[in-house]
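Trainee: here is the input, now give the coordinates:
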Amino acid sequence: MALLEDLTTVAVVGAGAMGTGIAQVAAQAGHQVHLVDAEPGGAAAAHQRLGDSLSRLVGKGKMTADERAGVLERIVIGPAADGDLAQLPPVGLAIEAVIEDLAVKQEIFETLADHQDESTVLATNTSSLDVGALSHDLATPERLIGLHFFNPPPLMRLVEVVRTTQSDPEILEQASTLMERWGKTPVLCTSTPGFIVNRVARPFYGEAQRMIEAGTADPATIDLALREHGGFRMGPCELTDLIGQDVNFAVGRSVWLQTGRDPRYEPADVQRRLVEAGRLGRKSGRGWFEYDDSGEPIDATPDEGQVAELVGGPIETDPVARTLAMLVNEGVDLVRRDEATAEDVDTAMKLGTNYPKGPHEWLAEIGAATIVEQLRALDAAFPGGRYRVSSALEDQL
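Mentor: Model (predicted):
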């Protein structure tokens, strides 16, 4: 297998925002990067947009003109740029960053495997698909791993390094070291639905949506409670409006389906109705809130008095305690299944979602007995399996 510490040349397949951002990161680390896109002229257009973006950084004094020129020179628009992967020269690492379509990704990896040396490491930036399924038809499935960057890749420090049952441990170790050299913080996890971040984060959105659905409080009031009393930078409603209700709903539904429709991850009807109504958030002008032409919400005034009443009250109507209990439950359950370490889970949630603490830090602060009591009360109030207690918490009693 290729030694990634000796890596010189990288290919990035997919010249959208994520692919271009990954190419920028690799080029800034000193690698030659071949940028490829199936859309004719797509890679060249992405290169031009990146040049414009880097020019703005130069203008702000965040990058020198020579650094800009070096990055753009190292990103190559070559014979394979318009999608003919057979024309790609030998590379040590090929990262796929195209649409979340299993068949499309499988075809890319099969073509790369046919035309690249067996030592080339193959990586997918998928955020929702099973990495093992992508390697299923490869003669050397051990060389395919997940490298899940977060948007925007040049700014976000976290990368989930995703293993399958067949991934070569040496490649995983070298990939983690490479990500550190690229200025990132790698966390190692198993290819399970949502990996770490997109799975553990589901309750942050889901609990708010269920409280809104029940008429407990309006979106702005719940957001204020989570910001002021939970320490979150953004509330779940304003955050999903920023992400896009359709995008957030799709991720949640994907995790739910991939876990066999586990009630713990079942999407809320209230969010589904938002999506069906075209209320997708800031990008459509309406989501949980309505937005003016500058993107500012015009109807997001919270009820501060209600926040004071809810926080510290019964768990069923306390947005903060209810959300934290579920985040802890999800985090410890992931570790119990041996999908990641407690340290990596906490690191991932703090870097990938900007949470003020990780689930295990909250557990140490609140205590297992309290969390279990809260979850049992929620399960009694809302039966069906969503609030079942992880055995990892019960073992601590």
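Trainee: quick check: residue 251 touching residue 128?
Mentor: Yes. Assessed by C-beta atoms under 8 Å, residue 251 is found in contact with residue 128 at 6.1 Å. Glycine gets a C-beta too; all of them are placed from N, C-alpha and C.
Trainee: okay, these two: which has more neighbours?
Mentor: Each of residue 251 and residue 128 has its neighbours counted (other C-beta atoms under 10 Å); residue 251 has more, 22 against 18.
Trainee: contacts only, for the more buried one.
Mentor: Neighbouring residues of residue 251 by C-beta atoms under 8 Å, 6 or more residues apart in numbering: 127, 128, 194, 198.
Trainee: again, 7 Å this time
Mentor: Neighbouring residues of residue 251 by C-beta atoms under 7 Å, 6 or more residues apart in numbering: 128, 198.
Trainee: do the same with residue 279
Mentor: 245, 286, 287.
Trainee: check what pLDDT the nearest residue to residue 193 once chain neighbours are set aside gets.
Mentor: Leaving out its chain neighbours, the residue that sits closest to residue 193 by C-beta to C-beta, 6 or more residues apart in numbering is residue 258, at 3.7 Å. Looking at residue 258, its pLDDT is 94.
Trainee: try residue 128
Mentor: 84.
Trainee: for it, give me phi and psi.
Mentor: phi -140, psi -10 (degrees, to the nearest 10).
Trainee: surely it and residue 99 touch.
Mentor: No. The criterion here is C-beta atoms under 7 Å, and residue 128 misses it with residue 99 at 11.1 Å.
Trainee: for the residue sitting furthest away from the middle of the chain, what are its contacts?
Mentor: Most distant residue from the mean C-alpha position of the chain: residue 305, 34.4 Å away (C-alpha atoms, centre = their mean). Shown in contact with residue 305 (C-beta under 7 Å, 6+ apart): no residues.
Trainee: name the residues contacting each of residue 251 and residue 128.
Mentor: By C-beta under 7 Å, 6+ apart, the residues touching both residue 251 and residue 128 are residue 198.
Trainee: returning to what we had before: distance to residue 364 and pLDDT for the contacts of residue 279 - can I get that in CSV?
Mentor: As requested, the contacts of residue 279 are exported to CSV (distance: C-beta to C-beta, whole Å; pLDDT from 0 to 100):
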residue, distance to residue 364, pLDDT
245, 34, 98
286, 41, 98
287, 35, 98
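Trainee: show me which of these is closest to residue 361.
Mentor: residue 245 (29.5 Å; C-beta to C-beta).
Trainee: mind exporting the C-alpha coordinates of the strand or helix carrying residue 180 to PDB?
Mentor: Here residue 180, judged by DSSP states H and E, is contained in helix 169-181. C-alpha atoms of helix 169-181 as PDB (Å, rounded to 0.1, in the frame of the first residue of the first chain):
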ATOM      1  CA  PRO A 169      -5.300  -0.400   9.700                       C
ATOM      2  CA  GLU A 170      -2.000   1.000   8.400                       C
ATOM      3  CA  ILE A 171      -3.800   3.100   5.800                       C
ATOM      4  CA  LEU A 172      -6.200   4.400   8.500                       C
ATOM      5  CA  GLU A 173      -3.300   5.300  10.700                       C
ATOM      6  CA  GLN A 174      -1.400   7.000   7.900                       C
ATOM      7  CA  ALA A 175      -4.500   8.800   6.700                       C
ATOM      8  CA  SER A 176      -5.000  10.200  10.200                       C
ATOM      9  CA  THR A 177      -1.400  11.400  10.200                       C
ATOM     10  CA  LEU A 178      -1.900  13.000   6.800                       C
ATOM     11  CA  MET A 179      -4.900  14.900   8.000                       C
ATOM     12  CA  GLU A 180      -2.800  16.300  10.800                       C
ATOM     13  CA  ARG A 181      -0.300  17.400   8.300                       C
END
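Trainee: remind me what that helix packs against, helices and strands.
Mentor: If you count contacts as 3 or more C-beta pairs under 7 Å, 6 or more residues apart in numbering; DSSP states H and E, helix 169-181 packs onto strand 144-149, strand 158-163, strand 185-190.
Trainee: which one of the ones you listed lies closest to residue 340?
Mentor: Closest to residue 340 of the helices and strands packed on helix 169-181, according to C-beta to C-beta: strand 185-190, at 4.2 Å.
Trainee: elements contacting that closest one?
Mentor: Using 3+ C-beta pairs under 7 Å, 6+ apart, strand 185-190 sits against strand 158-163, helix 169-181, helix 342-352.
Trainee: need the residues that contact the last one.
Mentor: It refers to helix 342-352. 150, 157-158, 160, 185, 187-189, 196-197, 200, 331, 334-335, 355, 358-361.
Trainee: give me the below-cutoff pLDDT ranges for the stretch 1-150 of the chain.
Mentor: Under the criterion pLDDT under 70, the flagged ranges of the stretch 1-150 of the chain are 1-2.
Trainee: what about the strands in it?
Mentor: Ranges of strands in the stretch 1-150 of the chain, per DSSP state E, counting those that start in this stretch, are 9-13, 32-36, 75-76, 93-96, 121-124, 144-149.
Trainee: let's have these in CSV, adding mean neighbour count.
Mentor: Formatted as CSV, these follow (neighbours: other C-beta atoms under 10 Å):
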stretch, mean neighbour count
strand 9-13, 26
strand 32-36, 25
strand 75-76, 22
strand 93-96, 24
strand 121-124, 25
strand 144-149, 26
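Trainee: nearest to residue 301 among those strands would be which one?
Mentor: Residue 301 lies closest, by C-beta to C-beta, to one member of the strands of the stretch 1-150 of the chain: strand 144-149, at 36.3 Å.
Trainee: may I have that closest one exported as CSV, CA atoms only?
Mentor: The C-alpha coordinates for strand 144-149 follow below in CSV (Å, rounded to 0.1, in the frame of the first residue of the first chain):
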residue,chain,number,x,y,z
LEU,A,144,-10.9,2.3,0.5
ILE,A,145,-11.7,4.5,3.5
GLY,A,146,-13.8,7.5,4.4
LEU,A,147,-12.4,11.0,4.8
HIS,A,148,-15.4,13.0,5.8
PHE,A,149,-14.5,16.7,5.7
